[in-house]
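Engineer: A predicted structure for the sequence below; I have some questions about it.
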Amino acid sequence: MKEKNPRYNGLWVFKPDLTKLRPGDVILTRNAEASSFKGKRRSDIIAKVTRGKFSHALICTALPTLIEALADGVSNISAQNCFVHDLKHVRVLRYPNQAIARAAASEAFKFFGKEYSVQAALRSVLPGVPISDSGDDKTFCSALVAAVYRVAGAPEFASIHPMKTTPATLEKSAHFADVTSDVFVSVLSPSNIEEMSALDGDRAVSPMAGQSKLLNSYYAKLSVPIDEFFAQYPTLTLKKPTSFFECLPFINSACIAANRLPDHPEANKAREQVRFIDDLAFELLLEGKWQAMMKAAQAIDDEGMRYSLEESFKADPDVNLADTLGMIKATQDQIVSRSSILIDPVGQSHVWDEWVRMTHEAVSELNTRLNVLNEVLERVFPSATRD
């Protein structure tokens with residue numbers, strides 16, 4: 001194990017217990033421990049103007065993933081690699097209807113890669129400033145949370161415009177239960193804390209740091225022919241995608257619909273347009289930049305699994321029961337979430353078929369991780385109780 005940084009030596013911090021965190025949980029934070037004065041000042045201003053205690057919001061999707069809208073766009077972060085310095089800097093809110101919460105968590109995936117709107121974020125915190133009608137292709141942190149709960153069918157969000165939702169709106173909502181003390185547990189500073197992200201301070205550099213910018217560039221290229229397609233066929237019942245990952249199922253559905261059209265010139269033109277969009281998306285996905293980020297992140301996870309496996313053979317292994325159980329649950333949830341698209345039809349779209357192939361590989365890697373985790377649990381904690 002690497003030596004603890006003197007700054008954190010002997011310090012108690014708070015980590016999320018992955019056995020207690022649930023999809024749909026909303027996490028509010030405040031940038032109180034950042035090394036940047038500018039970052040702390042901005043956080044203080046947002047909290048003060050909105051008359052709340054927090055300045056940022058994240059939502060849990062499939063464990064251990066948290067999705068958030070930052071300046072670079074909507075991206076994700078692993079709760080396994082997060083901590084907070086002080087419990088007063090974080091609040092975990094849970095929606096009582098778990099079916100709606102899970103639906104909201106699923107909807108949040110569709111925002112992945114969307115651009116961040118500074119203007120919309122400013123309008124949300126300034127009283128009396130009208131909401132922009134610029135569309136839903138951009139978002140900000142608390143708007144994302146409100147939007148996914150609205151789409152998921154939470155009745156309390158039906159009358160709340162996402163673009164006027166602030167972290168304080170969520171904090172003061174009577175529709176969530178405060179489960180902070182259940183989810184965040186006090187632990188002695190981990191030895192790898194310098195490699196972890198402080199939700200109330202500085203974030204660790206991640207191999208996925210550039211993913212939002214990359215996916216935004218892909219979406220920008222695809223949105224041009226997609227907009228032209230919708231302009232040509234305004235009566236389409238298909239929903240226009242607003243992010244790169246929304247483009248993938250849209251393209252598959254468009255290919256299926258176009259291929260079912262009768263053989264006449266107008267239908268042939270539509271099929272040609274859809275094929276062009278499909279081929280462009282396929283080229284972008286095969287570019288390999290996003291896959292390289294994923295492989296780099298996977299390598300970090302693999303290193304952690306190897307360490308746990310090696311430790312499990314020792315007489316006094318450095319393996320934590322709660323973390324192991326949490327990662328087993330998180331991995332199981334990820335397998336279910338990723339596998340959900342594998343029931344959709346294939347053979348119509350090049351990019352969708354490639355995405356399904358990549359998903360099969362990802363699920364296979366997750367199953368391998370699950371097997372390792374279960375092996376470690378059986379060896380180190382043979383009498384452990386599982387849910």
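Structural biologist: Sure, I can see it.
Engineer: Quick one: find the helix or strand in this protein with the lowest mean pLDDT.
Structural biologist: Of all regular secondary-structure elements in the chain, judged by mean pLDDT, DSSP states H and E, the least confident is helix 118-125 with a mean of 65.
Engineer: Next secondary structure element downstream of that helix?
Structural biologist: As assigned by DSSP states H and E, the chain's next helix or strand after helix 118-125 is strand 138-139.
Engineer: Which residues outside that following strand are in contact with it?
Structural biologist: A69, V74, F111, K114, E115, Y116, S117, A120, A147, P162 (C-beta atoms under 8 Å, 6 or more residues apart in numbering). The way it works is simple: take the backbone N, C-alpha and C, and place the C-beta from them, glycine included.
Engineer: Which of those fall in strands?
Structural biologist: When DSSP state E defines the strands, the subset of the contacts of strand 138-139 inside them is A69, V74, E115, Y116.
Engineer: Counting neighbours, what do you get for the second one?
Structural biologist: So that's V74. Using other C-beta atoms under 10 Å, V74 has 27 other residues around it.
Engineer: Please read off the pLDDT at it from the model.
Structural biologist: Looking at V74, its pLDDT is 85.
Engineer: Go ahead and confirm it touches F111.
Structural biologist: Yes. Contact criterion C-beta atoms under 8 Å: V74 and F111 qualify, at 4.7 Å.
Engineer: Now list whatever residues contact both of those two.
Structural biologist: Both V74 and F111 are in contact with I67, T139, L144, S243, where contact means C-beta under 8 Å, 6+ apart.
Engineer: Pipe those into CSV and attach secondary structure, distance to D318 and pLDDT per row.
Structural biologist: As requested, the shared contacts of V74 and F111 are exported to CSV (DSSP: H, G, I helix; E, B strand; the rest coil; distance: C-beta to C-beta, whole Å; pLDDT from 0 to 100):
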residue, secondary structure, distance to D318, pLDDT
I67, strand, 30, 91
T139, strand, 40, 85
L144, helix, 37, 92
S243, coil, 40, 87
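Engineer: my guess is L309 is in a helix, correct?
Structural biologist: Yes. L309: assigned to a helix according to DSSP: H, G, I helix; E, B strand; the rest coil.
Engineer: Please report how far it lies from S189.
Structural biologist: From L309 across to S189, the span is 24 Å (C-beta to C-beta, to the nearest Å).
Engineer: Which one's more surrounded, those two?
Structural biologist: S189 (20 against 16).
Engineer: Let's see the pLDDT reported for the residue nearest to C60 when sequence neighbours are not counted.
Structural biologist: Distances taken as C-beta to C-beta, 6 or more residues apart in numbering put D25 closest to C60, at 4.4 Å, once the chain neighbours are dropped. Here the pLDDT value assigned to D25 is 97.
Engineer: How about residues contacting the helix or strand containing D278?
Structural biologist: Per DSSP H and E, D278 falls inside helix 265-286. Contact with helix 265-286 is made by 218, 221-222, 225-226, 228-229, 232-233, 244, 247-248, 251, 254-255, 258-259, 261, 349-351, 354-355, as judged by C-beta under 8 Å, 6+ apart.
Engineer: How about that helix, which residues are buried there?
Structural biologist: Neighbour-count burial for helix 265-286, counted by 16 or more other C-beta atoms under 10 Å, picks out A270, R271, Q273, V274, R275, I277, D278, L280, A281, F282, L284, L285.
Engineer: and which of those is nearest to R379?
Structural biologist: Lowest distance from R379 to the buried residues of helix 265-286 (C-beta to C-beta) belongs to L285, with 39.5 Å.
Engineer: how close does that closest one get to D263?
Structural biologist: From L285 to D263 the distance is 30 Å (C-beta to C-beta).
Engineer: Tell me which stretches of this structure form helices.
Structural biologist: Applying DSSP state H to the chain gives helices spanning 37-49, 98-108, 118-125, 141-151, 167-171, 180-183, 211-232, 244-259, 265-286, 289-311, 321-339, 350-380.
Engineer: which ones are touching the nearest residue to L63 once chain neighbours are set aside?
Structural biologist: Nearest residue to L63 in three dimensions, chain neighbours excluded: A330, at 3.6 Å (C-beta to C-beta, 6+ apart). A330 makes contact with L18, A62, L63, P64, A79, Q80, according to C-beta under 8 Å, 6+ apart.
Engineer: pretty sure the fifth one is touching L63, no?
Structural biologist: What it means is A79. Yes. Counting by C-beta under 8 Å, L63 is a contact partner of A79 at 7.2 Å.
Engineer: Which residues are in contact with each of those two?
Structural biologist: Between them, A79 and L63 share the contacting residues L18, L21, A330, judged by C-beta under 8 Å, 6+ apart.
Engineer: one step back: report how many residues lie close to the residue nearest to C60.
Structural biologist: By the criterion of other C-beta under 10 Å, D25 has 26 neighbours.
Engineer: how close does it get to A105?
Structural biologist: Distance from D25 to A105, counting by C-beta to C-beta: 8 Å.
Engineer: quick one: common contacting residues for the two?
Structural biologist: Shared contacts of D25 and A105 (C-beta under 8 Å, 6+ apart): I59, C60.
Engineer: is it true that S75 touches E68?
Structural biologist: Yes. Using C-beta under 8 Å, S75 makes contact with E68 at a distance of 6.8 Å.
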